[in-house]
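1. compute the structure for the input listed below.
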Amino acid sequence: MNRHISYPLIAIGIGTFITTAPSRSADALPSPNVSSSDEDAVSISAKRLVATETQSRVEQHTPERMVERIYPVSFTNEISFYPAEFIVEGSVRLTRLTSQSARESTEVIIEKPTGAIAPGEVPPMRKVGSAIESDPILETVQSVENQAIETAQPIDEATPTIESDTIESDTIEANTVEANTVESDTIESESSASTPLDPDSNPLFVPTQPEQVRIVDTQAITLEQAVELAFRNNPELQIATLELTRNQAAVREARAALLPTLDFRSGLTIQETQENSLTDQLSQLLPEQDQPEQDDADINVQGTLRLDYDLYTGGRRSALIRAAEARVRLQELQVEVVSEQLRLDVTSDYYDLQEADEQVRIARASLVEAQQNLRDTQALEQAGVGTRFDVLQSEVNLANIQQELTQALSVQRTAQRQLAQRLNLASQVDIATADPIAPTEAWELSLEDSIVLSFQNRAELQQQLLQREINQEQRRVELAQNRPQVSLFAQYDVSDVLNRDEDVDGTYSFGVQMSWQLFDGGASRARADQSETDILIAEQRFADTRNQIRFQVEEAFLSLQANQNNINTAQLAIAQATEALRLARLRFQAGVGTQTDVLRSQTELTRAQVNLLRATLGYNRSLVTLRRAVNYSRQSPRPQVVTI
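-> The predicted model follows:
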């Protein structure tokens, strides 16, 4: 069974070139006889050739001159080679890429035609040998990619080729993009059951060995998985949640003032009395007589149990409770703000990584095209129909694209680490994007409805109102300092001398206490004025936040519309570029066009595809920004998912 494989080839010929008329289409070519039974002399039938670079007509040359060109040749069960605009008599070398840094050369002898050569006819050829040689250009490209940091992001699209034949995976080593796709798929499949994404459970853990921070695994995740990981692992969100727990404890502290306080105090006292002087003298005169021992120290034990309750505080107690409750609601809104902002940041980082992956793919495709262009200009220079200036331009272009690829890989790596840092992943794990680049949802609300909805949903506006309420309660607390403070108390005291046979003394008391600070130098009033100013500040911040929210909605809405129009324009441009490429191929096959026209059309098609991808990512970014500006996660149901 014939296998149909496309390879980039390089043809080097020595001999006499015969200018012919434009060739017929590939389907109209005659099928030459294949006669070969000898393994060392294999007959090769020429069928068709589609060049990827400019193919100039050669009319005057010498047999000693070498010509080197790049041709993608369609292989069946035998090597196929067809000069579209000239026929070569002599030795020809066909070269195909065998790896990223080597190529296989095949020497082919083209026999001299016995008669006139009609357009489209092919002289007999035979294979004489093969050899493997290194390619310095490919080695340079490989060294650039080895020095850069590779990624595990799969690349879905391969380098555009003129031939669309079926490509088998075991012979596609020459295609750099496909090789990276296979490698990425392998990494993704191997990482599915390897290192966990969650970080170490100990937040105080600090790696001390290089092996602990070396990336050993890369896992592809979807956008939904990234958001879930962020909600579970992000330290900023965890801090906001812990602050909410702290404020809830502060409410319990404030409400404790509604209950009485019960205090217990106790003490132990040892009291020793001094004997009089007469007793001391008598004890000195009778030293030998036994004197009874007397214990002159008293051991006293006291205890007090007191119950207090603030009956009236001038409004201070209730104001503190309301302020603490308002702080809890304020922090609940702050958790919502942090969550929504985290969703926006993670989504933006995810789209940035998708864009970086696409830039790497574009740079690699451009590198392949620049490499082919350099080989073609070098071949033209060797054939005497090109200039050194063209070669230098191609070399400069290749060097610039190599730098662009290196920079694109660096940006891609940075985007990966930025998203990993946002998700707070394990120190040895990296991530890649798994979602395709496509428009997400359609926004069905008008600009006016979006603005009104944002005023209703945004937690930032409610936060300013709560801050104003807290300042009002704080003002009441300060004014309560100059009002009477009334409290109830009940107390029971007990005392006993342990070394005496006496009854335990116990007393109790209860009553009402009142305190009133008549003058404090105006300090309480000054603190109340500060709280009054804070109220006015909160009102102005409310107005400023409202204006900012409206601008955010308008900016995101207008950007969404612009990117939606760009998607439609890019889709139309792709259709036009596709048709232009088809016409350029037909012109080239008919001999009235050049390969430059085909390459230019391919470039325009690639540019249109890139514009569509950028417009799509821009639309997705604008949509998630608009959803954040409106805080649409509070609404149900969500907008209907449509295809743009």
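2. for the stretch 451-600 of the chain, just list every one of the strands.
-> Using DSSP state E, counting those that start in this stretch, the strands of the stretch 451-600 of the chain run over 485-497, 505-515.
3. tell me the strands beside the shortest one, with direction?
-> Just to be clear, that refers to strand 505-515. Within its sheet, strand 505-515 is paired with strand 485-497 (antiparallel), according to DSSP bridges.
4. count of neighbours near Val624?
-> Residues lying near Val624 (other Cβ atoms under 10 Å) number 24. Any C-beta I mention is one placed from the backbone N, CA and C, and that applies to glycine too.
5. how about Gly386, nearest residue that isn't a chain neighbour?
-> Counting by Cβ to Cβ, 6 or more residues apart in numbering, Gly386 lies nearest to Leu380, which is 2.9 Å off, once chain neighbours are set aside.
6. so the one you found, which of the three states?
-> Three-state call for Leu380 (DSSP: H, G, I helix; E, B strand; the rest coil): helix.
7. distance check, it against Glu460.
-> 65 Å (Cβ to Cβ, to the nearest Å).
8. residues near the nearest residue to Arg600 once chain neighbours are set aside, how many?
-> Nearest non-adjacent residue to Arg600, counting by Cβ to Cβ, 6+ apart: Ala584, 7.6 Å away. Ala584 has 22 neighbours, counted by other Cβ under 10 Å.
9. what does Leu617 give?
-> Leu617 has 19 nearby residues by other Cβ under 10 Å.
10. all helices for the stretch 401-550 of the chain, in order.
-> 447-457, 459-479, 523-590 (DSSP state H, counting those that start in this stretch).
11. and Leu242, what helix or strand is that in?
-> Using DSSP states H and E, Leu242 sits in helix 235-255.
12. for Asp298, which three-state class applies?
-> Assignment for Asp298 (three-state DSSP): strand.
13. so what's it bridging to?
-> Gln271.
14. my guess is it contacts Val497, does it?
-> Yes. Proximity of Asp298 to Val497 meets the contact threshold set by Cβ atoms under 8 Å, at 5.4 Å.
15. returning to what we had before: dump the helices of the stretch 401-550 of the chain to TSV, plus distance to Asp198 and mean pLDDT.
-> Converted to TSV, the helices of the stretch 401-550 of the chain look like this (distance: least, Cβ to Cβ, whole Å; pLDDT from 0 to 100):
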stretch	distance to Asp198	mean pLDDT
helix 447-457	32	93
helix 459-479	28	94
helix 523-590	33	91
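16. which of the ones you listed sits closest to Ala490?
-> helix 459-479 (27.7 Å; Cβ to Cβ).
17. angle of the closest one against helix 447-457?
-> 40 degrees (axes from the mean of the first three to the mean of the last three Cα atoms, to 10 degrees).
18. elements contacting helix 459-479?
-> helix 316-383, helix 523-590 (3 or more Cβ pairs under 8 Å, 6 or more residues apart in numbering; DSSP states H and E).
19. quick check: buried residues in that helix?
-> 459-479 (16 or more other Cβ atoms under 10 Å).
20. ditto for stretch 216-229
-> 217-221, 223, 225-227, 229.
21. look up how far Ala226 lies from Gln602.
-> For Gln602, the distance to Ala226 - Cβ to Cβ - is 35 Å.
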